[in-house]
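Colleague: Give me coordinates for this.
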Amino acid sequence: MNPVSDSPVLSIVGTTASGKSSIAMVLAREIPNVEIVSIDSMQVYRGMDIGTAKPSVQDQIEVAHHMIDLVDPSIEYSLSEFQSEAINAIEEIEGRGAVPLLVGGTGLHLRAVIDNFEIPKQYPTVGKELSGEVDTTKLHKLLTQLDPVAADRMENTNRRRVLRALEVTLGSGRPFSSYGPGMQKYGPTRFRMVAPKWEREEVNRRIDERFKKQMEMGFLEEVRELNRNSEGLSRTARQALGYRQFLDHLDGVFSLDEAIDVAKRQIRKFARRQERWFIRDPRIQWFDIERNPLEMLPVLMKEWRHATS
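Modeller: So this is what the prediction gives:
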């Protein structure tokens with residue numbers, strides 16, 4: 001990345017349902033010329049609004065948002081495409097003299113942007129062949145043989161990551177773990193990362209509460225409408241939590257109650273993975289939250305004024 005400015009860029013990261021977006025909107029109202037850059041791998045898809053907790057239309061009118069509604073959900077949107085588009089958005093914002101504010105919880109995509117990772121190419125033929133194996137743990141065992149470093153960095157049930165690592169390792173003839181500076185290296189960066197930290201029980205409660213609101217907003221109807229599209233959802237879009245379980249419900253795999261229960265359990269599990277991912281990065285400053293994510297605002301505003309004075 002060749003930034004237009006070397007000024008610090010605030011990035012609000014952390015687990016799902018931790019209040020990142022609400023913090024960002026208040027900051028954007030307080031700081032002149034702020035534009036939000038979403039670092040969320042699923043908010044790039046049009047029509048996937050409720051289940052991805054996409055910023056409301058009103059919020060997007062009030063504050064400019066980037067990296068939202070870029071492609072139809074029938075299209076696979078790669079990490080390298082995300083990286084390129086996000087970096088361009090940041091440079092374009094700064095080129096106009098505005099201030100980028102990164103917000104999101106997709107850890108790999110965040111690292112790709114702030115650390116400018118070398119992203120391996122796609123090998124669709126290899127990927128298609130690998131996807132024929134339904135047993136993800138079996139694929140993980142193969143990855144352990146071919147690239148034990150990469151295998152050790154991911155859970156053996158994380159199908160998307162296991163398939164991608166194997167696709168690259170077999171397609172390029174080079175271990176997936178050899179790309180980029182390495183996930184375990186945390187170099188200097190101008191991106192100032194902060195994260196709200198909740199007790200796990202409170203995160204689970206917030207996840208359940210948000211899911212209930214999403215259901216009231218029409219989450220199931222949103223998935224039903226997407227499913228009616230003759231082009232369907234791409235492999236990447238189908239991985240979105242909640243969408244996957246509701247698609248299974250519509251296919252008769254789960255009852256609605258079962259789909260909801262599985263979805264909430266998977267989202268809680270995902271939040272724990274996010275926390276483990278982010279907690280390894282020593283560059284992130286965590287703020288203990290008791291009742292409201294906005295508790296961290298006074299410190300952020302004070303630091304912002306100090307950094308820009």
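Colleague: The top helix by length along the chain - contacts with which helices or strands?
Modeller: Secondary structure of the chain per DSSP state H: the longest helix is helix 256-279. Helix 256-279 sits against helix 107-114, helix 200-217, helix 243-250, with contacts defined as 3 or more C-beta pairs under 8 Å, 6 or more residues apart in numbering; DSSP states H and E. Every residue, glycine included, has its C-beta placed from N, CA and C.
Colleague: Show me what counts as buried in it.
Modeller: Residues of helix 256-279 classed as buried under the neighbour-count rule (16 or more other C-beta atoms under 10 Å) are 259-260, 262-264, 267-268, 270-271, 274-275, 277-278.
Colleague: Point out the other helices and strands that the following helix or strand past it packs with.
Modeller: Using DSSP states H and E, the helix or strand that directly follows helix 256-279 along the chain is strand 284-288. Packing partners of strand 284-288 (3+ C-beta pairs under 8 Å, 6+ apart): strand 191-197.
Colleague: residues in contact with the strand it packs on?
Modeller: With contact meaning C-beta atoms under 8 Å, 6 or more residues apart in numbering, strand 191-197 is reached by 8-14, 18-20, 23, 102, 114, 278, 281, 283-289, 293, 296, 300, 303, 307.
Colleague: Pull out the buried members of these.
Modeller: 9-14, 18-20, 23, 102, 114, 278, 281, 284, 286-287, 289, 293, 296, 300.
Colleague: residues making contact with stretch 51-66?
Modeller: Contacts with stretch 51-66, where a contact means C-beta under 8 Å, 6+ apart, come from 16-17, 21, 25, 28-29, 34-38, 40, 42-43, 45, 48, 68-69, 86, 89, 93, 98, 210, 214, 219, 222-223, 240-243.
Colleague: what distance separates that stretch from the middle of the whole chain?
Modeller: Relative to the centre of its chain, stretch 51-66 is centred 16 Å away, using C-alpha atoms, centre = their mean, to the nearest Å.
Colleague: Next: stretch 124-139.
Modeller: 23 Å.
Colleague: Verify the stated contact: Thr236 with Glu76.
Modeller: Yes: applying C-beta atoms under 8 Å as the test, Thr236 and Glu76 come out as touching, 4.8 Å apart.
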